[in-house]
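*Asks:* Structure for this input, please:
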Amino acid sequence: MVRLFVPEGEGQHALARRQPGALAAQRKITSLPWKACTVAGGITGFLALVGRSRPGIFLRSVAVVAVLDLSFTACQLYGRRELNRGVFKLDGIEPAPGKLWERTRHWTEEDAALGGAGLGIFTALNPRALPGVFGWKRIIGSAVVGAAFGSLVGERMLPRFPSQLLTVLDSADTMARRTNYDRLHQNEEAKASLSRFGNFALTLYTLPVLHILRSPTAWDAAPRSGMIQRRSQQGTPGPQPTTIQQLQSIVTINVDFEKEELAGPDIEGASRTYTDDLKTRDMEAVEHYLEHLQELKKNTFHEARYVWYQLAKKERVFYDIVEDDDEKDLFRREIQLLSSVAQQLMCREAILAFHIADARKQVRQMDHSGSTAPAAPTLSDPLQSDILIDSEDQHSPQITTNQIRTVWTRQKEILAHLEQAVSHHDTFKLQSGEAADPHLQQLRQDIKYLTKNVEATGRVLREFEEQVRKAEEDAQK
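*Replies:* Model prediction:
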């Protein structure tokens, strides 16, 4: 569990923002394997079309492209380090030294990439594998392909951040570099402290043409601005539509399960594989799986019922507030969150109902003496918002409390990164003409909006934590 190539002054300046969660310290390096494999795939496909493809051409292309890209990336990161040092000196900051690697308490993207690279090298050591490629290209090509595979697995297994928020953070980093490097370029004393390579990198970063191309608002301000504002207190979005027509016609609802929750006979992920056989099917395993699903479904229904009651209570208060002030806005965000949680719990129960019906069908198929008619999925009784609202429920909403706590922690972490990204602009006045940067203004609006979400989520979390505490005390009596 490590982070690789930790930059100098990480967390001390907007130029060296610490990446949130399990994201890599240098995302340019962890994205290199995918770029190399993509380019190599294009080269291999082209050579196949013209009849010049040979065994091993893909791995050889991957090795060559990866070495070239790594050389360019290393020069880019070294130049950025030199410029950051100049900005640190300009701002009177003594940066903490960079690290080749750093241990962590959680799995990271670097762990996934390193694991895949090790698997690729192990495969390359087999002389019968990977024909047509030899020498350093065999080792490097296998390592890069393995790292790309490991990154793909890590992307699916590690905690993920919404792509919109990562885009906002990347744009904030670009804006911070542009502003600070412009300040460095205008300060002769700070420029004099740069090395030759640093001066060359500064010249490249401040060229007018490249300045426009790198601007986070030059070409893509429209699709990026307001991303946080457009998202209410809801869960992580699914795959993003690629056209306006798709955006207007598709609604995606994600329901997350722990892998162990749906793991059962002839189940892979969340679907049947139909690789079993009636003669060898384990009746005891299917019945045990059925009991497990029924217990999950019962707990999910009780959890959904409690959240539904709390939502109805807050809706009563919300609609009794006449003036549309800050307090009503906070209530609005609270019920948005609870409504989203209730919806996910009900979707979760529906999925469990399907798997229960499927497990019962498997049992009937094995019981030749019984009916083979399929059983339809059944849900619990419909939730009623007008009963038990004023009564004290003894349920301990541990599942929802953990979910809300995760949302609250992630909101606070992203808010801290956004605040760090714009804090430098509040300390140092921007040059005339840049103060009205629409992207900077949008980031400040995002911070204001997300701050309210953090406050509203925290209020709901405290209420649910108090209910969990009361339920535990009642259970001990």
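*Asks:* in the stretch 301-450 of the chain, which ranges drop under the pLDDT threshold?
*Replies:* 368-393, 421-440 (pLDDT under 70).
*Asks:* Swap in 50 and give it another go.
*Replies:* 369-370, 372, 384-392, 428-436 (pLDDT under 50).
*Asks:* Where do the helices of it begin and end?
*Replies:* 326-366, 398-427, 438-476 (DSSP state H, counting those that start in this stretch).
*Asks:* do the same with the stretch 51-200 of the chain
*Replies:* Under DSSP H, counting those that start in this stretch, the stretch 51-200 of the chain gives helices at 57-90, 109-124, 135-157, 163-185, 188-192, 196-205.
*Asks:* ok, the nearest residue to Val255 once chain neighbours are set aside - how many residues close by?
*Replies:* Nearest residue to Val255, sequence neighbours excluded (Cβ to Cβ, 6 or more residues apart in numbering): Cys347, at 4.6 Å. Any C-beta I mention is one placed from the backbone N, CA and C, and that applies to glycine too. When neighbours are counted by other Cβ atoms under 10 Å, Cys347 registers 15.
*Asks:* circling back to that earlier point, mind checking which of the helices of the stretch 51-200 of the chain is nearest Ala359?
*Replies:* Proximity to Ala359 (Cβ to Cβ) singles out helix 135-157 among the helices of the stretch 51-200 of the chain, at 25.9 Å.
*Asks:* and the angle from the closest one to helix 57-90?
*Replies:* 70 degrees (axes from the mean of the first three to the mean of the last three Cα atoms, to 10 degrees).
*Asks:* Provide the contact partners of helix 135-157 at residue level.
*Replies:* Under the contact criterion Cβ atoms under 8 Å, 6 or more residues apart in numbering, helix 135-157 has outside partners 22, 30, 32-34, 36-37, 58-64, 66-67, 107, 109, 111-121, 123-124, 130, 133.
*Asks:* got it, and stretch 67-82?
*Replies:* Here stretch 67-82 has contacts from 5, 7-8, 26, 28-29, 32, 35-36, 98, 140, 177, 194-195, 197-198, 200-201, 204-205, using Cβ under 8 Å, 6+ apart.
*Asks:* same check, this time on stretch 295-304
*Replies:* 261, 342, 345-346, 348-349, 352-353, 356, 380, 383, 395, 397, 399-400.
*Asks:* Which two among those are spaced furthest apart?
*Replies:* Across those (Cβ to Cβ), the longest gap, 22.8 Å, separates Ile356 and Pro397.
*Asks:* Those two: which has the busier surroundings?
*Replies:* Just comparing Ile356 and Pro397: by other Cβ under 10 Å the higher neighbour count belongs to Pro397, 24 against 21.
*Asks:* I'd say the more buried one and Trp308 touch.
*Replies:* No - judged on Cβ atoms under 8 Å, Pro397 makes no contact with Trp308 at a distance of 11.2 Å.
*Asks:* what about the closest residue in space to Arg60 that isn't next to it in sequence, neighbour count?
*Replies:* Nearest non-adjacent residue to Arg60, counting by Cβ to Cβ, 6+ apart: Lys137, 4.8 Å away. Other residues lying near Lys137 total 19 when counted by other Cβ under 10 Å.
*Asks:* How about Gln365?
*Replies:* 14.
*Asks:* What sits closest to it if chain neighbours are left out?
*Replies:* Leu278 (6.1 Å).
*Asks:* The one you found and Val64: what is the separation?
*Replies:* With distances taken as Cβ to Cβ, to the nearest Å, Leu278 is found 53 Å from Val64.
*Asks:* do Ala263 as well
*Replies:* For Ala263, the distance to Val64 - Cβ to Cβ - is 42 Å.
*Asks:* the more surrounded of those two?
*Replies:* Val64 (17 against 14).
*Asks:* Which residue ranges make up each domain of the chain?
*Replies:* If you go by automatic domain parsing, the domain ranges for the chain are 2-160, 259-366.
*Asks:* Could you export the ones you listed as JSON lines, including distance to Trp408?
*Replies:* Below are the domains of the chain laid out as JSON lines (distance: least, Cβ to Cβ, whole Å):
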{"stretch": "domain 2-160", "distance to Trp408": "14"}
{"stretch": "domain 259-366", "distance to Trp408": "10"}
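*Asks:* ranking these by mean pLDDT, which is last?
*Replies:* Here the lowest mean pLDDT among these goes to domain 2-160, at a mean of 81.
*Asks:* show me the residues around the residue nearest to Val317 when sequence neighbours are not counted that make contact.
*Replies:* The spatial neighbour of Val317 that comes closest, neighbours along the chain excluded (Cβ to Cβ, 6+ apart), is Phe331 at 6.5 Å. Taking Cβ under 8 Å, 6+ apart, we find Phe331 in contact with Lys314, Val317, Phe318, Ile321, Ala456.
*Asks:* burial count for the first one?
*Replies:* Spelled out, it's Lys314. 19.
*Asks:* what's the answer for the second one, then?
*Replies:* For Val317, the count of nearby residues is 13 (other Cβ under 10 Å).
*Asks:* With the fourth one instead?
*Replies:* Taking other Cβ under 10 Å as the neighbour definition, Ile321 ends up with a count of 13.
*Asks:* right, and it touches Arg332 too?
*Replies:* No - using Cβ under 8 Å, Ile321 is not in contact with Arg332, being 9.5 Å away.
*Asks:* mind checking how far the residue nearest to Val317 is from Ile321?
*Replies:* Taking Cβ to Cβ, one finds Phe331 at 7 Å from Ile321.
*Asks:* next one: Val2
*Replies:* With Cβ to Cβ as the criterion, Val2 and Ile321 are 51 Å apart.
*Asks:* Could you do Asp266 as well?
*Replies:* Counting by Cβ to Cβ - Asp266 and Ile321 are separated by 52 Å.
*Asks:* ditto for Val468
*Replies:* When Val468 is compared with Ile321 (using Cβ to Cβ), they lie 27 Å apart.
*Asks:* Likewise for Tyr449?
*Replies:* With Cβ to Cβ as the criterion, Tyr449 and Ile321 are 20 Å apart.
*Asks:* what do you get for Ala357?
*Replies:* 43 Å.
*Asks:* Same question for Ser142.
*Replies:* Ser142 is 63 Å from Ile321, by Cβ to Cβ.
*Asks:* Ok, Gln476 next?
*Replies:* Taking Cβ to Cβ, one finds Gln476 at 38 Å from Ile321.
*Asks:* So which of the helices of the stretch 51-200 of the chain is nearest Arg444?
*Replies:* Going by Cβ to Cβ, the one of the helices of the stretch 51-200 of the chain nearest Arg444 is helix 163-185, 10.8 Å.
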